[in-house]
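In: Next come a sequence and a model predicted from it.
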Amino acid sequence: MLQRPRRRCEGTAMGAIVLDLRPGLGIGPFSLGMPICEAFAQIEQQPNIYDVVHVKYFDEEPLKLDVVISFPDHGFHLRFDPWSQRLRLIEIFDVKRLQMCYSTSLIGGPSTLATFVAVYALFGPTYPGIFDKDRRIYTLFYPGLSFAFPIPSQFTDCCHDGGVELPLEFPDGTTPVTCRVSIYDSSSGKKVGVGALMDKASAPPLPAGSIYMEEVHVKLGEELYFTVGSQHIPFGASPQDVWTELGRPCGIHQKQVDQMVIHSASDLRPRTTLCGDYFYNYFTRGLDILFDGQTHKIKKFVLHTNFPGHADFNSYIKCNFVVYGSDLGGSFQEVNNSKQRVITPSTKWEQVKEILGDCGRAAIQTQGSASNPFGSTLVYGYQNIAFEVMKNGYIATITLFQS
């Protein structure tokens, strides 16, 4: 796991913050199901509160484990599904550092112990929970919310499943104190807690018609097809066509001169910082569209995977592309029903070579250590498509063009 601290050093935190607790929905400004970019936007809006932030992920296999945004000074972290990059679970791992407000009552923080009796009194009656004998953890469940309590070894006999009298008090008159709080979507009916129970949390379903992570079908050398709205964007389309189909772009900027032109001996144009071509940026779709500055027609598409460990991470929402070969022909529906292997954001570079064959040596792409602390990437070119590949073998971007 990689950790990337931001802003000031740990250990100089002010007093505990107070966040609204919304069982099954979220805490404070963070809502279950939100894309990771929205979480970062909330963090940036309140730099005085969220001034120490760690981002953790599995660098070698970024789809294997959650992407975690952690707030060590406030004792909680956000777990994002690595594929959809949506918030699936919120965990308060140090309840003494975070004060939660539920209805008009406070619980947690340095001044209000989150004891079993206090939790039961605030949230009301519920069914007996689950006792993990190996961890000596008793978990109490409410819809979209669970509390984990460590049980001293001398009192484990009090915690048999189904036989616990609630609220739980030990024979010596004491009651356990919460060590972890989990907030999760309850629509699936699953109970989420510590250990293996943590893996049961999933992001809530997307609303009907949502374009977040919609499949974008690619027919090489021809067009993009957006599956939710059924839009077709072919090469050669005009800016007006794109506005009509996809709406207003998030940004427009001029393209810098292509550095790869130097490899063309026939190109004798003087090198300038900018050329006449320009991009439409659709950050919320993970897409850039390049127009020719003379003809004002589409000449390239750039699709982003938004993997952590890449210089553009969090600049784009992940584009959920599906690349089909140009030799398949027919409609997208026919292609989709075929047994041809396709390329998606989850496809690693070795699998791409198995599908398309070896393309020879790669070009090295780097932005310098100052602007890109993650190092260089490799660019491999085929007919109508180029792949930017990270050091871990995953695709960072694909660039589509007409040969």
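Out: Yep, that arrived.
In: Once you drop chain neighbours, what's closest to Pro308?
Out: Leaving aside its sequence neighbours, Pro308 sits nearest to Tyr57 (Cβ to Cβ, 6 or more residues apart in numbering; 4.3 Å). Placement of C-beta: from N, CA and C, glycine included.
In: What is the neighbour count of the one you found?
Out: 24 (other Cβ atoms under 10 Å).
In: Likewise for the one 4 residues further on?
Out: Other residues near Glu61 come to 13 when the count uses other Cβ under 10 Å.
In: give me every residue that touches it.
Out: Shown in contact with Glu61 (Cβ atoms under 8 Å, 6 or more residues apart in numbering): Asn392.
In: Give me the phi and psi for it.
Out: The phi/psi pair for Glu61 (degrees, to the nearest 10) reads phi -130, psi 80.
In: With Ile398 as the reference, measure out to it.
Out: Applying Cβ to Cβ, to the nearest Å, the value for Glu61 to Ile398 is 20 Å.
In: what do you get for Ser186?
Out: Remark: distance between Ser186 and Ile398 (Cβ to Cβ) = 38 Å.
In: Quick check, Val67 in contact with Pro308.
Out: Yes. Using Cβ atoms under 8 Å, Val67 is in contact with Pro308, at 5.8 Å.
In: pLDDT weak spots in the protein?
Out: Within the chain, the stretches with pLDDT under 70 are 1-15, 160-166, 257-274, 325-340, 367-374.
In: what about Pro110, distance to Val18?
Out: From Pro110 over to Val18 the distance is 12 Å, taken as Cβ to Cβ.
In: just to revisit the earlier point, quick check: neighbours shared by Val67 and Pro308?
Out: Shared contacts of Val67 and Pro308 (Cβ under 8 Å, 6+ apart): Val55, Tyr57.
In: For Tyr50, list the residues it contacts.
Out: Going by Cβ under 8 Å, 6+ apart, Tyr50 touches Gln42, Ile43, Phe71, His74.
In: and the two most separated of those residues?
Out: For those, the farthest-apart pair by Cβ to Cβ is Gln42 and His74; their separation is 13.3 Å.
In: Neighbour count: those two, which is higher?
Out: Set side by side, Gln42 and His74 show more neighbours around His74, with 21 against 15, by other Cβ under 10 Å.
In: can I get the CA coordinates of stretch 101-114 in PDB?
Out: Listed next in PDB are the C-alpha coordinates belonging to stretch 101-114 (Å, rounded to 0.1, in the frame of the first residue of the first chain):
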ATOM      1  CA  CYS A 101     -23.900  14.200  15.900                       C
ATOM      2  CA  TYR A 102     -27.100  12.100  15.500                       C
ATOM      3  CA  SER A 103     -30.400  13.900  15.800                       C
ATOM      4  CA  THR A 104     -29.700  16.400  18.600                       C
ATOM      5  CA  SER A 105     -27.300  14.200  20.500                       C
ATOM      6  CA  LEU A 106     -23.500  13.900  20.500                       C
ATOM      7  CA  ILE A 107     -21.500  10.700  20.800                       C
ATOM      8  CA  GLY A 108     -17.800   9.900  20.500                       C
ATOM      9  CA  GLY A 109     -15.000  12.400  20.800                       C
ATOM     10  CA  PRO A 110     -12.800  12.900  23.800                       C
ATOM     11  CA  SER A 111     -15.600  14.000  26.100                       C
ATOM     12  CA  THR A 112     -18.500  11.700  25.200                       C
ATOM     13  CA  LEU A 113     -17.600   8.000  25.500                       C
ATOM     14  CA  ALA A 114     -19.400   5.800  23.000                       C
END
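In: List the buried residues for that stretch?
Out: The neighbour-count check on stretch 101-114 (16 or more other Cβ atoms under 10 Å) flags Cys101, Tyr102, Leu106, Ile107, Gly108, Gly109, Thr112, Leu113, Ala114 as buried.
In: What lies in contact with it?
Out: Contacting residues not belonging to stretch 101-114 are listed as 15-16, 18-21, 23, 92, 95-100, 118-119, 122-123, 147, 177-178, 181 [Cβ under 8 Å, 6+ apart].
In: again, only using 6 Å
Out: The contact list for stretch 101-114, computed with Cβ atoms under 6 Å, 6 or more residues apart in numbering, reads Ala16, Val18, Asp20, Leu21, Val95, Lys96, Leu98, Gln99, Met100, Leu122, Val177, Thr178.
In: try stretch 146-155
Out: For stretch 146-155, using Cβ under 6 Å, 6+ apart, the contacting residues are 116, 119, 136-140, 159, 170, 176, 178-182, 192-194.
In: What residues of that stretch count as buried?
Out: Neighbour-count burial for stretch 146-155, counted by 16+ other Cβ under 10 Å, picks out Ser146, Phe147, Ala148, Phe149, Ile151, Phe155.
In: chain center to that stretch, what's the gap?
Out: Taking Cα atoms, centre = their mean, to the nearest Å, one finds stretch 146-155 lying 33 Å from the centre of the chain it belongs to.
In: end to end, how far does that stretch reach?
Out: Stretch 146-155 has an end-to-end distance of 21 Å (criterion: Cα to Cα, to the nearest Å).
In: what do you get for stretch 82-98?
Out: Start-to-end span of stretch 82-98 (Cα to Cα) is 26 Å.
In: do stretch 47-62 as well
Out: Start-to-end, stretch 47-62 (Cα to Cα) is 27 Å.
In: Tell me the buried residues in that stretch?
Out: Residues of stretch 47-62 classed as buried by neighbour count (16+ other Cβ under 10 Å): Ile49, Tyr50, Asp51, Val52, Val53, His54, Val55, Lys56, Tyr57, Phe58, Pro62.
In: Spatially nearest residue to the first one (excluding sequence neighbours)?
Out: In this case it means Ile49. Taking Cβ to Cβ, 6+ apart, and ignoring the residues beside it in sequence, Ile49 has Ile17 as its nearest neighbour in space, at 5.9 Å.
In: Would you state the helices of the stretch 51-200 of the chain in chain order?
Out: Ranges of helices in the stretch 51-200 of the chain, per DSSP state H, counting those that start in this stretch, are 116-123.
In: nope, the stretch 301-403 of the chain is what I meant
Out: Assigned by DSSP H, counting those that start in this stretch, the helices in the stretch 301-403 of the chain fall at 332-336, 349-356.
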